[in-house]
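Colleague: When you get a sec, could you give me coordinates for this:
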Amino acid sequence: MTKPRTGNRQSGFTTSEMVVYPMIVVTLLGVAYGFYHNSRIDDAVAAAVDLGLEQQAIIEEYFDAYGEMPQSEADLNLRSFRPEGILTGMDYRAGELGVPAADKSRTGTLRALVDMTEFGKRFEEIESGYLLIARAQDDDSIKWDCVADGVTPDALGGRYLPETCSRAEDDEDEEGEGEGD
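Modeller: Numbers count the residues shown, from 1 in each chain. Okay, the predicted model is just below:
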């Protein structure tokens, strides 16, 4: 008669389990931190865009009163603007930043100045966050575009702009696609 085998049951972890399980946990923690960090950046940039959008009314009032875009920051009294969060200020230029031939009486650009050092070393050099470009239409209304600053060397990448800005860029892309048909 044979005796039933009673196997040696292993208690505890094997060496490979002691290596693999902590690696999985560390990887998951790294991914979770990345999502958290990116959401903090997204929230900060969205708040900065919202503050910038509040400045649109000043330009629209000036345009309604004088029939042209402001020609300098002094016309807008941007000094009274109180930045918050990553937004350190706004500067204004008549015309479209980076487009020398833009009609300066019908176009103006607000540029958001930001300080993103709290988000790490790769953001230390960032100075400009986004552009709000005002374009007077034929009916004297103003069309606004919120776009990434492609002119300033140390500008925040377009991928960090909130939906309000990316929607404006998507609309332009769709308009451009329809023109070629």
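Colleague: who does the nearest residue to D149 once chain neighbours are set aside bridge with?
Modeller: Nearest non-adjacent residue to D149, counting by C-beta to C-beta, 6 or more residues apart in numbering: A155, 3.8 Å away. All C-beta atoms are positioned from the backbone trio N, CA, C, and that covers glycine. Legend: beta-bridge partners of A155 under DSSP bridges are S128.
Colleague: A155 reaches V147, doesn't it?
Modeller: No: applying C-beta atoms under 8 Å as the test, A155 and V147 come out as separate, 10.6 Å apart.
Colleague: Overlap of the contact sets of those two?
Modeller: Common neighbours of A155 and V147, using C-beta atoms under 8 Å, 6 or more residues apart in numbering, do not exist here.
Colleague: roughly how far apart are the residue nearest to D149 and L97?
Modeller: 10 Å (C-beta to C-beta, to the nearest Å).
Colleague: Now find how far off-centre stretch 114-132 is within its chain.
Modeller: 10 Å (C-alpha atoms, centre = their mean, to the nearest Å).
Colleague: returning to what we had before: show me what contacts the residue nearest to D149?
Modeller: Going by C-beta under 8 Å, 6+ apart, the list of residues near A155 reads I126, E127, S128, G129, A148, D149.
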